[in-house]
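Q: here is the input, now give the coordinates:
(one chain, ligands or ions: 1)
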Amino acid sequence: MSSLSLRTFTTIKIGGSAERILKLKDLHELQEPLPQPIRVLGNGSNILIDDEGLKGTVIVVRDFPPSEPEILEDTKEAVTLKVSGGNYLPTLCRWASRHGLSGCEYMVGVPGTVGGAIVQNAGANEQEMSQILISADVLDLKTQKLKTYSAAEAKLTYRHSSFKEKEDQLIVSAKIRLQKKPTPQIEAQISKNLAYRKEKTPYAMPSLGSIFTRLPGANKDEWIYPGKLIEDAGLKDFQIGGAQVSKIHANYIVNTGDATFDDVLALIEEVEKIVFESSGVKLQREILIWSDRD
Ligand SMILES: Cc1cc2nc3c(=O)[nH]c(=O)nc-3n(C[C@H](O)[C@H](O)[C@H](O)COP(=O)(O)OP(=O)(O)OC[C@H]3O[C@@H](n4cnc5c(N)ncnc54)[C@H](O)[C@@H]3O)c2cc1C
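A: Numbering: from 1, shown residues only. Just a heads-up that it's a prediction; the model follows:
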């Protein structure tokens, strides 16, 4: 087992070690034989990791490659950029704003990386990755071959992409297209997003963002929001061990200090059970769970 702990690489601060934890600095490091299976971690802001540890290798991609966005094409109205898979979303948001480029304003409050945002089609405030993605450069970790997937092939839909089902793939970089807009207008939108998010998001405590996805309602464009169902079921504040349904937003589970993997999983399962009993709705998980227990 590695002497490192994955808890330091996740936003909920839970997770044990792995046979090998590779904080990626150079793609050549991937050519040496690595313990299997191989998993790719961005900023760990949407994954619950077992604190008993994992088999195989976890490649940590945050900040890799450590480069600034590169301008590939500059037209009257838009700019095409090459961005690193490991670019931190709030940093990209500010970079785009400084350069008068719109399309990343929602990223200000989303603590993930570009790679993770493509896999999960992250979004907020009426923007999402699918609106700006042109293509993704993906390294097949088995064959070491790099392939470019178009946005059509990546199939980004609500909190989903074709990469979500594929293993042994590392998004090294992506092409995105942003629209030109005056920086003050972009900054105003970012401030508005931040103000809204600060009110509705338990940023002061470790979490994984929304645990469950919204679900289609009875009519077109109507949505069932898990936070409301959980609140209506009387579960706000509900706690198992150190894991608690957030007082600020019931679709978040926060780590009150010493929460374990088992605490969070038990709380998720209990929320699913009680919501189903009280509303008949089967909640769908947005977060991913990494565990190798039999
Ligand atoms: C406080 C908080 C607020 C949040 N708000 C939002 C929100 O408003 N909207 C939203 O959509 N999400 C939100 N999230 C969830 C999360 O930040 C996003 O899903 C984010 O895009 C995940 O990125 P990540 O780098 O952390 O991915 P991780 O959690 O590390 O990984 C997620 C998935 O992507 C894969 N992956 C990551 N990087 C790569 C790569 N380079 N190559 C291949 N696969 C990769 C992983 O293997 C895994 O399957 C929030 C989370 C928190 C903690």
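Q: got the contact list for stretch 117-124?
A: 42, 46, 85, 89, 106-107, 109-110, 112, 116, 128-130, 133, 136, 154, 156-161, 163-164, 171, 174, 193, 197, 286 (CB atoms under 8 Å, 6 or more residues apart in numbering). C-beta: built from backbone N, CA, C; applies to glycine.
Q: quick one: terminal-to-terminal distance for it?
A: 11 Å (CA to CA, to the nearest Å).
Q: residue boundaries of the helices in the stretch 1-150 of the chain?
A: For the stretch 1-150 of the chain, the helices defined by DSSP state H, counting those that start in this stretch cover 89-98, 114-119.
Q: single out the most deeply packed of these.
A: helix 114-119 (a mean of 28; mean count of other CB atoms under 10 Å).
Q: quick check: mean pLDDT across that helix?
A: For helix 114-119, the mean pLDDT works out to 98.
Q: now do the contacts for the spatially closest residue to residue 34 that is not a sequence neighbour.
A: Nearest in space to residue 34, with sequence neighbours left out and distances taken as CB to CB, 6 or more residues apart in numbering, is residue 57 at 4.3 Å. Contacts for residue 57 (CB under 8 Å, 6+ apart) come out as 18, 19, 20, 21, 22, 34, 35, 36, 37, 38, 39.
Q: interface residues of this structure facing the ligand?
A: Proximity of the chain to the ligand (CB under 6 Å from any ligand atom) is limited to residues 11, 39-47, 61, 85, 110-113, 115-117, 119-120, 122-124, 169-171, 201, 203, 207-209, 288.
Q: from these, which would you call buried?
A: 11, 39-47, 61, 85, 110-113, 115-117, 119-120, 122-124, 169-171, 201, 207-209 (16 or more other CB atoms under 10 Å).
Q: domains in the protein, as residue ranges please.
A: 6-60, 70-199, 215-290 (automatic domain parsing).
Q: in terms of pLDDT, where does residue 197 sit?
A: Here the pLDDT value assigned to residue 197 is 91.
Q: what does the one 3 residues further on give?
A: The predicted structure scores residue 200 at 91 on the pLDDT scale.
Q: ok, it - contacts?
A: 248, 249.
Q: list phi and psi for it.
A: phi -100, psi 0 (degrees, to the nearest 10).
Q: show me what contacts residue 97?
A: Residue 97 touches 104, 105, 183, 186, 187, 190, counting by CB under 8 Å, 6+ apart.
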